[in-house]
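Student: After the sequence you'll find the predicted model.
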Amino acid sequence: MQKVLIVGCGAYMDAGYGCAGEWRCLKAAALGEGKFSTPVQVVGFVRCECPGRTIVSNIGMAMKLSEIRPDAIYLSSCLVDARPGCPYVPVEDIVKILESKIGLPIILGTHEYK
């Protein structure tokens, strides 16, 4: 079973823009829905906090403390599809940074729930 880490937008979740938190991402992961072609094992959930400077170190710390290296990182639907988008870092830049620093595949989005 593929091990994944999910990164969600902390500001989006806290503001209540239709996302009550990570439950939608975790549901999609458990049921193999949305961007998950099969059910996966979620080994970490990290919130990206504004202005995004700590995302790499937070992911690194999550992997270190859990002692589990995920097979892929999923950027949550609220992070990828937020409108308005992140005023600090475009999603494309987050992907480039994570790929270069973490070295894992980055998947855009987690679910299509409304």
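Tutor: Arrived safely. Numbers count the residues shown, from 1 in each chain.

Student: Tell me the buried residues in the helix or strand of the chain with the lowest mean pLDDT?
Tutor: Ranked by mean pLDDT, DSSP states H and E, the helix or strand of the chain with the weakest confidence is helix 10-15, at a mean of 80. Neighbour counts over helix 10-15 (16 or more other C-beta atoms under 10 Å) mark 10-13 as buried. Heads up, the C-betas are built off the backbone N, CA and C, glycines and all.

Student: again, but for stretch 30-40
Tutor: 33-36, 40.

Student: Show me what that stretch is in contact with.
Tutor: 1-4, 27-29, 42, 74, 77, 107-113 (C-beta atoms under 8 Å, 6 or more residues apart in numbering).

Student: Repeat the analysis, applying 10 Å as the threshold.
Tutor: Residues outside stretch 30-40 that contact it (C-beta atoms under 10 Å, 6 or more residues apart in numbering): 1-4, 6, 24-25, 27-29, 41-42, 70-72, 74-77, 80, 107-113.

Student: tell me which of the buried residues of stretch 30-40 is nearest to Cys50?
Tutor: Lys35 (24.1 Å; C-beta to C-beta).

Student: For that closest one, which non-adjacent residue is closest in space?
Tutor: Gly109 (4.9 Å; C-beta to C-beta, 6 or more residues apart in numbering).

Student: Now for that neighbour: which residues touch it?
Tutor: Counting by C-beta under 10 Å, 6+ apart, Gly109 touches 25, 28, 34-36, 74-81, 91.

Student: quick one, phi/psi of it?
Tutor: Dihedral pair for Gly109: phi 90, psi 160, per degrees, to the nearest 10.

Student: circling back to that earlier point, now render the contacts of Gly109 as TSV, adding secondary structure and distance to Met63.
Tutor: Formatted as TSV, those follow (DSSP: H, G, I helix; E, B strand; the rest coil; distance: C-beta to C-beta, whole Å):
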residue	secondary structure	distance to Met63
Cys25	helix	18
Ala28	helix	22
Gly34	coil	23
Lys35	coil	21
Phe36	coil	20
Tyr74	strand	14
Leu75	strand	16
Ser76	coil	18
Ser77	helix	22
Cys78	helix	22
Leu79	helix	19
Val80	helix	21
Asp81	coil	25
Val91	helix	21
